[in-house]
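Engineer: Everything below, folded, please.
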Amino acid sequence: MFHDGCFILEILRKFTNTGYGHYARNDPIFSKHGKYNMSEVVFENMLKIENQIPLLVLYKLVAVQTGMTLDESTKWVNDLMVRFIRSRSTFIFKVEDTDLGSNTCMHLLDLARKYLVGELGTYGVLDVNVIPAMVLDVNVIPAMLLKRDAKVKFNVSRKNNLTGFAFDKEKGILYLPSIYIYNCTESLLLNLMAFEHLHVGERHHVSSYVIHMGGLIQTVQDLNMIRHKDFINTDKDKN
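Structural biologist: Okay, the predicted model is just below:
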């Protein structure tokens, strides 16, 4: 765990341009070549549930190395992790800037999930008529809603996290956050769902989102409409 903690800290430092020290030009991970060709692969593996280590290890390693107090090292590591996640082009939401302060997370996957479900920072207050889609039964929003003659309208949510997935019962509008699909998206969502299922007391926001989206997308026509409305984006959409 000590060696893993040192490796993760160095990844965080190098890939957020806060690292120090020089590596060989042919280093597979920490060289300039490694940063531009391996960073997304490393990021994907760092978010696998079997690869998680307690962030307390990182907090204490930094405290010992720098002489910081545990609160100071916690804030420093948290800031570094937030910068690391926001810098990844393969993260499925373009998340907002957030100051974790000295609040602790269990591990990097826990922090990534808190970003996705809007548990970090302030995201505003929902209107009383807006029901988070997570509490709706899966059958409430079947694929039939995507038909043009349906009374329910679809809008892109202004919130770049899963709290933006909600239904306005007064206006008949289903809000969906815009998600970016990359090679590692499936792996990230599966690991986040596994995290929710393994931790008692965690709300199943990610699992509910995946189930509801599976209910909405039943045919190629459904997928085309979802993409047309910018609920799902890929690298090809940028071209």
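Engineer: Helix or strand next in line after the helix or strand hosting residue 57, which one?
Structural biologist: Using DSSP states H and E, residue 57 maps to helix 55-66. Using DSSP H and E, the helix or strand that follows helix 55-66 towards the C-terminus is helix 70-87.
Engineer: Report the angle between that following helix and helix 55-66.
Structural biologist: In terms of direction (axes from the mean of the first three to the mean of the last three C-alpha atoms, to 10 degrees), helix 70-87 departs from helix 55-66 by 110 degrees.
Engineer: so after the helix or strand bottoming out on mean pLDDT in the chain, what's the next helix or strand?
Structural biologist: Least confident helix or strand of the chain, by mean pLDDT, DSSP states H and E, is strand 130-132 with a mean of 45. Note on strand 130-132: by DSSP H and E, the next helix or strand toward the C-terminus is strand 153-156.
Engineer: how about that following strand as PDB, C-alpha atoms only?
Structural biologist: Coordinates of each C-alpha in strand 153-156 appear next as PDB, following Å, rounded to 0.1, in the frame of the first residue of the first chain:
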ATOM      1  CA  LYS A 153     -40.700  17.200 -23.600                       C
ATOM      2  CA  PHE A 154     -36.900  16.700 -23.300                       C
ATOM      3  CA  ASN A 155     -34.400  19.400 -22.400                       C
ATOM      4  CA  VAL A 156     -30.700  19.400 -21.600                       C
END
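Engineer: Counting by contacts, list what the next helix or strand along the chain from that strand packs against.
Structural biologist: With elements assigned by DSSP H and E, the helix or strand that comes after strand 153-156 is strand 166-168. With contacts taken as 3 or more C-beta pairs under 8 Å, 6 or more residues apart in numbering; DSSP states H and E, strand 166-168 sits against strand 130-132, strand 173-176. Every residue, glycine included, has its C-beta placed from N, CA and C.
Engineer: who does strand 166-168 pair up with?
Structural biologist: Strand pairing for strand 166-168, using DSSP bridges, gives strand 130-132 (antiparallel), strand 173-176 (antiparallel).
Engineer: what separates it from the chain centre, distance-wise?
Structural biologist: Relative to its chain's centre, strand 166-168 lies at 21 Å (C-alpha atoms, centre = their mean, to the nearest Å).
Engineer: Nearest residue to residue 189 in space, please, no chain neighbours.
Structural biologist: residue 210 (5.8 Å; C-beta to C-beta, 6 or more residues apart in numbering).
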